[in-house]
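Enquirer: here is my input, please return the structure:
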Amino acid sequence: MDSISILIADDHRIVREGIRTLLANEQDIKVIAEAENGRDALKLALEFEPDITIMDIGMPELNGIEAIKQIRKKMPNARIIVLSMHSEHEFIWKTFKAGAFAYLLKDCAAEELVTAIRRVNAGKKYISEDISEMVLQDFVESKWRDTETTYVPLSVREKEVLQLLSEGKSTKVVAETLFISNKTVESHRKNIMEKLQIFSLPELTKYAIRTGLTSLD
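Expert: Got it, this is the predicted structure:
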């Protein structure tokens with residue numbers, strides 16, 4: 001039987017090493033690649049086509065939720081497990097809407113991650129036992145909502161530009177990262193500000209954090 005191939009995407013090296021070590025004990029699971037940011041995760045997912053990608057949410061350059069959307073757009077059959085420190089239902093809702101198959105908390109037991117990998121590989125969805133009751137209660141009480149409707153929608157490219165700018169990247173670096181011109185970056189920045197009616201970088205950064213585009217890590 002072929003091993004389940006895994007791509008690990010997390011900006012903390014110690015987390016990636018921990019997951020790799022944990023999974024090394026499983027004969028039917030094999031880690032084939034690691035990414036330290038969302039943009040690398042997208043690139044490696046397309047290159048290696050892993051059976052499953054284990055994805056963090058709060059990553060630099062391209063956050064996990066946007067990375068999931070782009071991976072699923074280019075690879076509709078991609079299966080992604082989110083491994084996050086966030087238990088808030090807004091994050092859970094966004095990740096499943098983006099196309100994730102499973103959501104686990106980083107403090108989950110090793111056995112639960114392995115179980116989730118095998119279930120997702122079989123085409124099933126999975127949610128961490130620690131948050132399943134909360135999610136069910138939210139659903140029953142009709143509290144699930146798309147939090148993005150609270151905010152003015154930005155295009156995919158505008159979200160990418162906003163995340164990079166809020167992480168302190170210069171116009172030149174943003175342009176080089178996204179393979180666009182400095183002028184185009186400035187145009188996107190202007191459009192973002194006008195759409196959001198936010199006209200300073202500190203306030204844009206606050207918006208990016210509040211909506212999950214980037215994190216404080």
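Enquirer: when you work out contacts or count neighbours from here on, use the C-alpha atoms and nothing else.
Expert: Noted.
Enquirer: which other residues reach stretch 54-71?
Expert: 6-11, 36-39, 41-42, 45-46, 78, 80-84, 94-95, 98-100, 160, 163-164, 167, 212-215, 217 (C-alpha atoms under 8 Å, 6 or more residues apart in numbering).
Enquirer: actually stretch 104-121, not the one I typed
Expert: Against stretch 104-121 from outside (C-alpha under 8 Å, 6+ apart): 4, 22-23, 51-52, 79, 81-87, 101-102, 125-128, 130.
Enquirer: do stretch 11-19 as well
Expert: Ile8, Ala9, Asp10, Glu34, Ala35, Glu36, Asn37, Asp56, Met59, Pro60.
Enquirer: redo that, cut-off 10 Å
Expert: 7-10, 20-24, 31, 34-38, 54-60, 106, 110, 113, 217 (C-alpha atoms under 10 Å, 6 or more residues apart in numbering).
Enquirer: among the contacts of stretch 54-71, which ones are buried?
Expert: Buried members of the contacts of stretch 54-71, counted by 16 or more other C-alpha atoms under 10 Å: 6-11, 36-39, 41-42, 45, 78, 80-84, 94-95, 98-100, 160, 163-164, 167, 212-215.
Enquirer: ok so, going back, of the contacts of stretch 104-121, which belong to helices?
Expert: Residues of the contacts of stretch 104-121 located in helices (DSSP state H): Leu22, Leu23, Asp130.
Enquirer: got the contact list for the last one?
Expert: Spelled out, that is Asp130. Ser87, Leu104, Leu105, Asp107, Cys108.
Enquirer: what's the burial count for the fourth one?
Expert: So the one you mean is Asp107. 10 (other C-alpha atoms under 10 Å).
Enquirer: tell me which element Glu66 falls in.
Expert: helix 64-74 (DSSP states H and E).
Enquirer: list the buried residues in that helix.
Expert: For helix 64-74, by 16+ other C-alpha under 10 Å, it's Gly64, Ile65, Glu66, Ala67, Ile68, Lys69, Gln70, Ile71, Arg72.
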